[in-house]
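**Student:** give me a model of this one.
(one chain, ligands or ions: 1)
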Amino acid sequence: MKKLILGLFMTVLPALTLAAGGSDLHLDTMEPDHTNKPSLQRGAALFTNYCMGCHSLEYARYKRIAEDLEIPDELYEENLIFTGAKIGELIQIGMDKDAAADWFGSAPPDLTLVSRVRGEDWLYSYFRAFYKDDTRPLGVNNAVFSNVGMPHVLVGMQGLCAVPPKIGTNASVDPLSGNVRGTDICDEWAIEGSMEPAEFNRAMYDLTNFLSYMGDPVKVERERLGLLVLIFVAVFFIFAYLLNREYWKDVH
Ligand code: HEC
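**Tutor:** Just a heads-up that it's a prediction; the model follows:
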């Protein structure tokens, strides 16, 4: 009995330590949807245009993305490859890591698996959490990643918040008026962006969705196969049960 209790304790121990290790940081949540191809395509375009100057996706190939996102090869090569790379190649960039570390304080990491490390909620919050801070070398800081070395590359779209934005207050619909509350997470803008806050949130949803897909490109296929396997097991069970009954008929 003692052993059993000890065993049980050991099983729940990791969960307890995880729970205790959670930080105070409140994040906005987002639910990735890898079946939403238009969203993933928009995310891929955003990533190619705004992020690939500094961040590689060096564990993925252009062709894989083109196939999964149902973008024809020629269209992909024309619009989403600027480096002259062939579509079968890995997504590498030309930036020298040591020089980049000099410029930004730390080198921009590869982002193929970042959604597995940080999680989607973190990414979705981080992209929207830049704000003006003149004490920092680049004049911006981030409410989710404090003293970050990355510049606010989407300032043209989002604008620049003058105060730390209110991350962790997810948008909700007011049940009485039907108005959406909490889409604008910034109280005061230092620079106006070209997008409305709700529009920018949607763009960041697409970007996060794309990085989520990048970290787990077989998710849709895996879940589809999983369902088929379960159906097979269920059907197989009927035959296994009947066979079992047949074998034991003479014994009982
Ligand atoms: C001018 C170069 C540059 C561009 C462009 C850029 N980043 Fe970064 N990014 C950085 C640097 C440098 C860091 C490292 C920051 C640090 O560690 O302080 C970083 C860090 C990050 C991180 C955090 C990684 C981690 O887990 O620590 C994410 C996520 C990220 N960038 C996503 C993006 C996305 C998405 C875009 C495009 C919208 C983008 N970046 C564009 C330079 C850049």
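**Student:** was I right to think residue 29 contacts residue 121?
**Tutor:** Yes: judged on CB atoms under 8 Å, residue 29 makes contact with residue 121 at a distance of 5.0 Å. Glycine gets a C-beta too; all of them are placed from N, C-alpha and C.
**Student:** looking at those two, which is more packed in?
**Tutor:** Comparing residue 29 with residue 121 by other CB atoms under 10 Å, the one with more neighbours is residue 121, at 21 against 12.
**Student:** report the contact partners of the more buried one.
**Tutor:** Going by CB atoms under 8 Å, 6 or more residues apart in numbering, residue 121 touches 27-30.
**Student:** against residue 148, how distant is it?
**Tutor:** Per CB to CB, to the nearest Å, residue 121 is found 17 Å from residue 148.
**Student:** and residue 128, by the same measure?
**Tutor:** For residue 128, the distance to residue 148 (CB to CB) stands at 13 Å.
**Student:** of these two, give the one with the bigger neighbour count.
**Tutor:** The neighbour comparison of residue 128 against residue 148 (other CB under 10 Å) goes to residue 128, with 24 against 20.
**Student:** ok, that one to residue 165 distance?
**Tutor:** For residue 128, the distance to residue 165 (CB to CB) stands at 7 Å.
**Student:** quickly list what's touching both of those two.
**Tutor:** Between them, residue 128 and residue 165 share these contacting residues under CB under 8 Å, 6+ apart: residue 185.
**Student:** what's the local residue count around residue 241?
**Tutor:** Residues lying near residue 241 (other CB under 10 Å) number 10.
**Student:** need the contact list for it.
**Tutor:** Shown in contact with residue 241 (CB under 8 Å, 6+ apart): no residues.
**Student:** that's a helix at it, yeah?
**Tutor:** Yes: under DSSP: H, G, I helix; E, B strand; the rest coil, residue 241 sits within a helix.
**Student:** tell me where the stretch 1-150 of the chain has strands.
**Tutor:** 57-61, 90-91, 130-132, 140-142 (DSSP state E, counting those that start in this stretch).
**Student:** which of these is buried the deepest?
**Tutor:** Among these, strand 130-132 has the highest mean neighbour count (mean count of other CB atoms under 10 Å), at a mean of 22.
**Student:** right, is that one up against the ligand?
**Tutor:** No: applying CB under 6 Å from any ligand atom, one finds strand 130-132 separated from the ligand by no less than 10.6 Å.
**Student:** grab the nearest non-local neighbour of the residue of the stretch 151-252 of the chain found nearest the ligand.
**Tutor:** At 4.4 Å from the ligand, residue 153 is the closest residue in the stretch 151-252 of the chain, using CB to the nearest ligand atom. Nearest-residue entry for residue 153: residue 50, 5.3 Å, with adjacent residues in sequence omitted and distances by CB to CB, 6 or more residues apart in numbering.
**Student:** test my guess that that neighbour contacts residue 155.
**Tutor:** No: the criterion here is CB under 8 Å, and residue 50 misses it with residue 155 at 10.6 Å.
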